[in-house]
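A.B. asks: Kindly generate the corresponding structure for this input.
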Amino acid sequence: MLNGSGIKIFSGTSHPELAEIIARRIGLPLSKAEITRSGIGETSVRITESVREDDVYIINTGCGAVNTALMELCIMIHACKIASAKRITAVIPLFPYSRQDKKDKSRAPITAKLVANMIQKAGCDHVIVSIVHLL
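C.D. replies: Next up, the predicted model:
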């Protein structure tokens with residue numbers, strides 16, 4: 001178990017039960033963030049505690065409403081980055097668009113690469129993925 005000094009664990013809304021299990025297993029509480037959606041579907045995130053110089057882990061899956069979960073993850077990463085987190089790690093048990101990892105036709109996008117670039121540009125330092133392809 002960890003003493004929690006300098007480590008924060010946040011959960012997105014895609015699977016809060018999983019985040020709670022992970023946090024409990026390593027002996028840390030989930031950190032607080034307010035995640036809301038506007039009437040037109042825009043996601044708003046407010047980190048409600050200091051993350052300055054902390055290692056931040058954000059747990060959000062790529063299942064369910066994939067696009068909503070992905071935007072939420074990117075916004076949470078960016079919110080932690082501008083709040084001066086030392087290092088940000090995205091924990092994504094199911095990576096969004098992982099099946100679109102190569103060109104299958106000419107002029108087809110490699111969408112998994114786009115998603116990885118979005119996460120990186122949002123300010124993520126590391127990504128932990130458990131399932132890349134489901135067969």
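A.B. asks: make it CA atoms for all contacts and neighbour counts henceforth
C.D. replies: Noted.
A.B. asks: Bridging across strands, which residues link to Val129?
C.D. replies: Beta-bridge partners of Val129, counted by DSSP bridges, are Ile92.
A.B. asks: residues in contact with it?
C.D. replies: With contact set as Cα atoms under 8 Å, 6 or more residues apart in numbering, Val129 has these partners: Val91, Ile92, Pro93, Leu94, Phe95.
A.B. asks: Make sure the fourth one is actually in contact with Cys63.
C.D. replies: The reference is to Leu94. Yes. Contact criterion Cα atoms under 8 Å: Leu94 and Cys63 qualify, at 6.7 Å.
A.B. asks: before we move on, back to that, need the contacts of Val129 in a markdown table (columns: neighbour count and pLDDT).
C.D. replies: Listed next are the contacts of Val129 as a markdown table, based on neighbours: other Cα atoms under 10 Å; pLDDT from 0 to 100:
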| residue | neighbour count | pLDDT |
| --- | --- | --- |
| Val91 | 22 | 96 |
| Ile92 | 21 | 94 |
| Pro93 | 18 | 90 |
| Leu94 | 19 | 88 |
| Phe95 | 24 | 88 |
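A.B. asks: Kindly provide the distance from the residue lying closest to Arg87 once chain neighbours are set aside to Arg25.
C.D. replies: With Cα to Cα, 6 or more residues apart in numbering as the criterion, Arg87 has its nearest non-adjacent residue at 4.8 Å, and that residue is Asp55. From Asp55 across to Arg25, the span is 18 Å (Cα to Cα, to the nearest Å).
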